[in-house]
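[1] This is a predicted model, with the sequence first.
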Amino acid sequence: MGKIQVETCEIEGLKVLTPAVFGDNRGYFMETYNYNDFKEAGIDLEFVQDNQSSSTRGVLRGLHYQINHPQDKVVRVVSGEVFDVAVDLRTDSKTYGQWFGVVLSAENKKQFFIPKGFAHGFLVLSDTAEFAYKCSDFYHPNDEGGLIYNDPDIGIDWPYQEGVELNISDKDQKWSKLKDLK
């Protein structure tokens, strides 16, 4: 294998990627993306858009997906820490409706590959977090869908922090439940 360690997840298609980090007393260097290493890991895609967001502790974004223009994503945290979640929306999958979560941080430098067919969201665990993601298709604002973050049928075990109030957009509070998807 190249310069990344690949962990498969309980849900087929999801992968946690840990790059090789080369450090010394000056700091560190790592490749966050190398086409050949990703291809060897089974991620042979063309990425067309990079995004980055900044959020504060308690911000919960998601669970989002694109309806007609689905995106494969590789997500990572540039600074801070988040709990990142993917929910399987592939109706032909034996894990339909199941979720997987992983802590991504600037410290652990892990990346999370989320293929098409998943809803995605994250909860910020640090004072602030900068979140970056590569996408295999362009964002289409009129094509977005979502699931409510606290759907009991999905049962995501978000690591809520005592005394921290959730900060969720109005849009993200109005998404439907999994059982209501068409």
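    Thanks, I have the structure now. Everything quoted here is computed from the prediction, not taken from an experiment.
[2] Only C-alpha atoms from now on, for both contacts and neighbour counts.
    Will do.
[3] if I look at the residue lying farthest from the centre of the chain, how far off is Lys39?
    Most distant from the centre of the chain: Asn25, at 31.2 Å, with distances by CA atoms, centre = their mean. With distances taken as CA to CA, to the nearest Å, Asn25 is found 32 Å from Lys39.
[4] Then Lys116?
    16 Å.
[5] Of these two, give the one with the bigger neighbour count.
    Taking neighbours as other CA atoms under 10 Å, Lys116 and Lys39 compare with Lys116 leading, 20 against 12.
[6] Just give me the neighbour total for the spatially closest residue to that one that is not a sequence neighbour.
    What sits nearest to Lys116 in space, not counting adjacent residues and going by CA to CA, 6 or more residues apart in numbering, is Asp72, at 4.8 Å. Residues near Asp72, counting by other CA under 10 Å, number 20.
[7] which residues touch the residue farthest from the centre of the chain?
    Applying CA atoms under 8 Å, 6 or more residues apart in numbering to Asn25 gives no contacts.
[8] now it: how far from Asp172?
    Asn25 is 43 Å from Asp172, where distance means CA to CA.
[9] Could you list the low-confidence segments of this protein?
    Scanning the chain for pLDDT under 70 picks out 1-2.
[10] Can you show me the strands along this structure?
    Ranges of strands in the chain, per DSSP state E, are 4-8, 15-19, 21-24, 27-30, 49-56, 60-66, 73-79, 81-88, 99-105, 111-114, 118-124, 128-135, 144-146.
[11] Show me what the shortest one is in contact with.
    Just to be clear, that refers to strand 144-146. So strand 144-146 is contacted by 62-67, 119, 172, 175-176 (CA under 8 Å, 6+ apart).
[12] tally of neighbours for the residue nearest to Phe118 when sequence neighbours are not counted?
    Spatially, and ignoring its direct neighbours in sequence, Phe118 is nearest to Asp88 (4.7 Å; CA to CA, 6+ apart). Other residues within reach of Asp88, judged by other CA under 10 Å, total 25.
[13] how about Asp88, what does it touch?
    Taking CA under 8 Å, 6+ apart, one finds 11, 95-99, 117-119 in contact with Asp88.
[14] how about 7 Å then?
    By CA atoms under 7 Å, 6 or more residues apart in numbering, the contact list for Asp88 reads 95-99, 117-119.
[15] among those residues, who's most crowded?
    Neighbour max across these (other CA under 10 Å) = Phe118, 27 neighbours.
[16] isn't it right up against Val85?
    No: counting by CA atoms under 7 Å, Phe118 does not reach Val85; the two are 9.6 Å apart.
[17] what do these two both touch?
    With contacts defined as CA under 7 Å, 6+ apart, no residue is shared by Phe118 and Val85.
[18] Report how many residues lie close to the closest residue to Phe83 other than its chain neighbours.
    Excluding its sequence neighbours, the residue lying closest to Phe83 (CA to CA, 6+ apart) is Val103, at 4.5 Å. Val103 is flanked by 21 other residues according to other CA under 10 Å.
[19] Sounds good, over and out.
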